[in-house]
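>>> Got a predicted structure here, sequence first:
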Amino acid sequence: MALIKKDARKYLKEIILHIKGKENKSIALCKELFSFLSGYRVIALYAAMKNEVNLDPLIGYLLRDGKVVLLPKVYGKQLRFYQIMSLSDLRESNGYFHIREPLNGNVYEKEDIEVIIVPGIGFDNDNNRLGRGGGYYDRYLNGFRGKKIGVAFKEQILDFVPHEEFDVPMDLVIKK
């Protein structure tokens, strides 16, 4: 299965490289997500890497709307979610994938998070997710009781992505 996932990631990364209008699609996704998230107060998101759906506009909208906005920080093989007050609270890490992480802030436990927006290399029509291979989100989402929402460009949606019993499916995938 590891080889199948590796091949699927390679295939999807090539597709993602050639997607046109990523910034406009990201903005449209942020607007749709903002409407969807209006009923939630504590929201975990991610700081986008190159070629992922950029959620920075959504983070700004949510902060201005008074939501509790959380972003992940990697500790060993685990994620912890910290509250941010602005995008300037993020710095590029030296760790896994050099993602932007919160400098500090209040840590929230998973049972206090109402909804989490999850990145992925690809998703399928059954809301299965193919991540980057580190297992960070699958470990975190194991036992998570809130709403799990994947976001993607429509080109990242396949009929099937390889997945195993420990891979946590999303409740919903929003795409543009």
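The structure has been received and is ready for your questions.
>>> Give me the neighbour count for Glu92.
Number of residues near Glu92 (other C-beta atoms under 10 Å) recorded here: 10. Using the backbone N, CA and C atoms, a C-beta is placed for each residue, glycine as well.
>>> shouldn't Pro102 be in contact with Val74?
No: Pro102 lies out of contact with Val74 (C-beta atoms under 8 Å); the separation is 11.0 Å.
>>> between those two, which one's more packed in?
With neighbours defined as other C-beta under 10 Å, Pro102 and Val74 compare such that Pro102 has more, 23 against 16.
>>> Could you check how far the closest residue to the more buried one other than its chain neighbours is from Gly150?
Of all residues not flanking Pro102 in the chain, Tyr82 sits nearest, at 3.9 Å (C-beta to C-beta, 6 or more residues apart in numbering). The spacing between Tyr82 and Gly150, counted by C-beta to C-beta, to the nearest Å, is 22 Å.
>>> More neighbours: which of those two?
Taking neighbours as other C-beta under 10 Å, Tyr82 and Gly150 compare with Gly150 leading, 26 against 20.
>>> what about that one, distance to Ile43?
Distance of Gly150 to Ile43, given as C-beta to C-beta: 15 Å.
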